[in-house]
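Q: 3D, please:
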Amino acid sequence: QVQLVESGGGLVQAGGSLRLSCAASGSIFRINAMGWYRQAPGKQRELVAAITTSGGSTNYADSVKGRFTISRTNAKNTVYLQMNSLKPEDTAVYYCNADLVKTKLERSTGYWGQGTQVTVSS
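A: Here you go, the predicted structure:
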């Protein structure tokens, strides 16, 4: 069984910072790409940032470029999202996603965390 557990969300004033963490646990052979998504009320879930297996390549939504940084620590099966200069429009539930392989005989499958609320007040 695989679990992704996010932490680090909360309430912050505009211009502030938060750091989200997502730790994967359970039967894991390899984790491929990992990413952060968010979903605001009444809107579709959108990709915020993604990072490759080695961490050598990252991808960001235009709305967060220059403010958010994604990183990962493979030894801990953990991905992070450092969020700076937060704006009220960043308010959403943030979800972690991991494309991982449970055993070397299986194909990769995407897993989601339960989500963590980020609220930015003006």
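Q: low pLDDT regions in the chain?
A: Nowhere does the chain drop to pLDDT under 70.
Q: for the residue lying farthest from the centre of it, pull up the helix or strand it's in.
A: Distance to the chain centre peaks in the chain at Leu105, reaching 26.7 Å (criterion: C-alpha atoms, centre = their mean). Assessed by DSSP states H and E, Leu105 sits outside every helix and strand.
Q: and Ser63, what are its phi and psi?
A: phi -70, psi -20 (degrees, to the nearest 10).
Q: coming back round to it: and the gap between the residue farthest from the centre of the chain and Phe29?
A: 9 Å (C-beta to C-beta, to the nearest Å). (Glycine included, C-beta is placed from N, CA and C.)
Q: and for Asn77?
A: Applying C-beta to C-beta to Asn77 and Phe29 gives a distance of 11 Å.
Q: give me the residue at the spatial middle of the chain.
A: Trp36 (2.7 Å).
Q: A strand includes that residue, no?
A: Yes - assessed by DSSP: H, G, I helix; E, B strand; the rest coil, Trp36 belongs to a strand.
Q: please tell me how far it sits from Phe29.
A: Trp36 is 23 Å from Phe29, by C-beta to C-beta.
Q: equivalent analysis for Ala75, please.
A: 15 Å.
Q: please say which of these two ends up with more neighbours.
A: Phe29 (12 against 6; other C-beta atoms under 10 Å).
Q: pretty sure that one is touching Val101, no?
A: Yes - if you go by C-beta atoms under 8 Å, Phe29 and Val101 touch, sitting 4.7 Å apart.
Q: strands of this protein, start to end?
A: Here the chain has its strands, by DSSP state E, at 2-7, 10-13, 18-26, 30-39, 46-51, 58-60, 68-73, 78-83, 92-101, 109-112, 116-121.
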